[in-house]
Every structure is written in structure tokens, then in C-alpha cells.
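1. structure of the sequence below:
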Amino acid sequence: MSTYFQEDEITGKAYDARLLRRLLRYLRPYRRSVLAAVALLLLASVSDLAGPYLFKVAIDRYIAAGQLAGLGRLAAVYLAVLLLHAVFRYAQSVLMQVVGQRAMYDLRMELFAHVERLSLSFFTRHPVGRLMTRLTNDVDALNELVTQGVVAIFGDFFMLAGIVVALLLLDWRLALVVFTVLPLLVGMAYGFQVRVRESYRAIRLRLARINAYLNEHIMGVAVMQLFNRERRAFARFDGLNRDHLEASLRAVRFYALFWPAVSVAEALAGALIIWYGGGEVVQKTLTLGTLV
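-> Predicted coordinates for the structure are as follows:
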């Protein structure tokens, strides 16, 4: 049994781009819905970027100048932008959830049809519990990737590009100061991605072992009780369960380290903005609205 699990662990080390291309095949029948979701996400990104710009206009044109006329209209526009952002996000989320569920329905049907065509020797070599993990837990993980990951890639790219362009247009010197933090963020994100991916592969591997062990021993519980092997089976399951616990805790520790590190990087960027931008505001080479 351990040999087959080792084979699973090796074959799981595939490149993300190749896995993504294989997954996109199940989205082709719903490409119009996916394109609509991407368009909605782009609109949500634009509305998200419009909020800070409206704040800049409010501070520089009205608040700093002591002019109240028109400030109410600008506040109404800002509220409308927020509402549109919420509508775009809601529509995009619902649309991708529907697409993801339909794609996973197709995938499950394809997997079930494939399992029915397999030879009997295949089932003697591969534990049923592990196959159940592939057909249930792993498909659910793919569903999360489809509904939250595929379209979010485009949304994050355009959002980042929009932020870069907006910063450069507002004040390129301040933008360069902020960009000094980007290498740190990229390095942390890459290290986190590599380690958490290995952790979740280890979690899925150990979950497959648990399911395989449970299936075998529940099916053969009468024989196990006949030969009085309960304590040995319990000890074996305790070891498998503990391995799964330790793998899960490793993933938790990576998350616990990553997000505080991101917060520190954000605080560093904020400190740089206050240090450089504050000086520019005092020297009147930068407006307060742009700094905010």
C-alpha cells in the first residue's frame, strides 16, 4: 500500500501551468459565462480603483479648499461606485459558482465512467478509500480552484496593473518609493506558495491513507474482531491520524506566518509613504489628497 501512495505523491508534482491547462478543458463549454465573469471582475476592479481617486478629489478640491458646494454630490457618486462594486462582485461570484458546479458535475461523470471501465486488477492494486478521496475531496478542491482561482488570476492581474498605472499617474516619485516593498512581497508570496502547496499535497496524501485504511478495516471488521486485532488496528489508525494532524498544523503555521509578514510589509509601505509623501506635502510639491 505504501508503494502506491508514494506513486501518488510523485505524480502529484506537476507544474501548475500544465494542471491549469488540463482544468480549462472543463470550462470550455461554459466559456461565455467565464468571459462574462472576467468582464464583471474587471468592472469591479475599476470601481474599486475609483474609490481612492474620489477621496483624492474630495480632499484636494473641496475639503482642503473649504468648499462645501458639490461635496454632497461627490459623496453620492462615491456611494454609487461602492454599490456598483458590490453588484459586480456578487454577479461575478454567483456566475463562477454556477460554472464551477457544472464543470465539476461534468468531471465527476467523466471520472465515474472511467472507473467503470477499469479492470478488476486495478481495484486489487489501489485501495478503494484512496479512490474515494480522489473522487470526492480532490474534486472539491478543484471546484474551489475553478470558482475562486481561475478568474481571480485575471482580476488580480488587472487590479495590480491598475494600481501601478494610477500610482505612476498621480506621482511617479511616490510610486517608486512604494514599489521598493514589492520585491519583499513577491519573495514572501513565492516562498509561501511553494511551502503551502507541499503542505496541502501532504495533507491530501495522508487523508487518502486514512480513507483507505478505514475502508479496509470497516469492510473486514468481523475478521479483525475474530482475531482480536482491535488494539493493533487502533494504534495503526492513531499513527495515520497523527500524521494527518501534523501535516495540517504545518499548513496552519505557514498561514500564521505569512499574513503577519504581509501586514509588516504593508506597514513598511505605509511608513515610507508617510516619510516621503509627508515631506512632499509640507513642501507643497504633493497634495494631501494624493498622499491619502
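2. next one: stretch 178-190 to chain centre, how far?
-> Stretch 178-190 has its average C-alpha position 18 Å from the chain's average C-alpha position, going by Cα atoms, centre = their mean, to the nearest Å.
3. which residues does it contact?
-> V164, L167, F258, A261, V262, A265, L268, A269, L272, I273 (Cβ atoms under 8 Å, 6 or more residues apart in numbering). Placement of C-beta: from N, CA and C, glycine included.
4. now, those residues that are in helices?
-> V164, L167, F258, A261, V262, A265, L268, A269, L272 (DSSP state H).
5. could you save these as JSON lines and add columns showing pLDDT?
-> Listed next are the ones in helices among the contacts of stretch 178-190 as JSON lines, based on pLDDT from 0 to 100:
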{"residue": "V164", "pLDDT": "83"}
{"residue": "L167", "pLDDT": "80"}
{"residue": "F258", "pLDDT": "88"}
{"residue": "A261", "pLDDT": "89"}
{"residue": "V262", "pLDDT": "86"}
{"residue": "A265", "pLDDT": "87"}
{"residue": "L268", "pLDDT": "89"}
{"residue": "A269", "pLDDT": "85"}
{"residue": "L272", "pLDDT": "84"}
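6. returning to what we had before: out of the contacts of stretch 178-190, which are buried?
-> L167, F258, A261, A265, A269, L272, I273 (16 or more other Cβ atoms under 10 Å).
7. which element is the closest residue to the third one other than its chain neighbours on?
-> Think A261. Leaving aside its chain neighbours, A261 sits nearest to M188 (5.4 Å; criterion: Cβ to Cβ, 6 or more residues apart in numbering). Assigned by DSSP states H and E, M188 falls within helix 182-219.
8. which is the succeeding secondary structure element to that helix?
-> Sequence-wise, the next helix or strand downstream of helix 182-219 (DSSP H and E) is helix 221-226.
9. got the contact list for that next one?
-> By Cβ under 8 Å, 6+ apart, the residues outside helix 221-226 that reach it are H217, E230, A233.
10. give me the neighbour count for the residue lying closest to the second one once chain neighbours are set aside.
-> Looking back up the chat, that one is E230. For E230, ignoring the flanking residues on the chain, the nearest one in space by Cβ to Cβ, 6+ apart is M224 at 6.5 Å. Counted with other Cβ atoms under 10 Å, residues neighbouring M224 total 16.
11. and the gap between M224 and D243?
-> 21 Å (Cβ to Cβ, to the nearest Å).
12. then F88?
-> Distance from F88 to D243, by Cβ to Cβ: 44 Å.
13. in this protein, which helix is the longest?
-> Max-length helix for the chain by DSSP H is helix 71-116.
14. can you classify Q67 as helix, strand or coil?
-> Using DSSP: H, G, I helix; E, B strand; the rest coil, the structure places Q67 in coil.
15. okay, now the spatially closest residue to it that is not a sequence neighbour: neighbour count?
-> Excluding the flanking residues, the one nearest Q67 by Cβ to Cβ, 6+ apart is R61, at 7.3 Å. By the criterion of other Cβ under 10 Å, R61 has 15 neighbours.
16. verify the stated contact: R61 with A69.
-> No - look at R61 against A69 with Cβ atoms under 8 Å: they stay out of range, at 10.7 Å.
17. circling back to that earlier point, F88 and D243: which is more packed in?
-> For F88 versus D243, the count of surrounding residues by other Cβ under 10 Å is larger for F88: 20 against 16.
18. spatially nearest residue to that one, not counting backbone neighbours?
-> Once flanking residues are discounted, F88 sits nearest to A44: 3.9 Å by Cβ to Cβ, 6+ apart.
19. thought the one you found was touching D156?
-> No - using Cβ under 8 Å, A44 is not in contact with D156, being 11.6 Å away.
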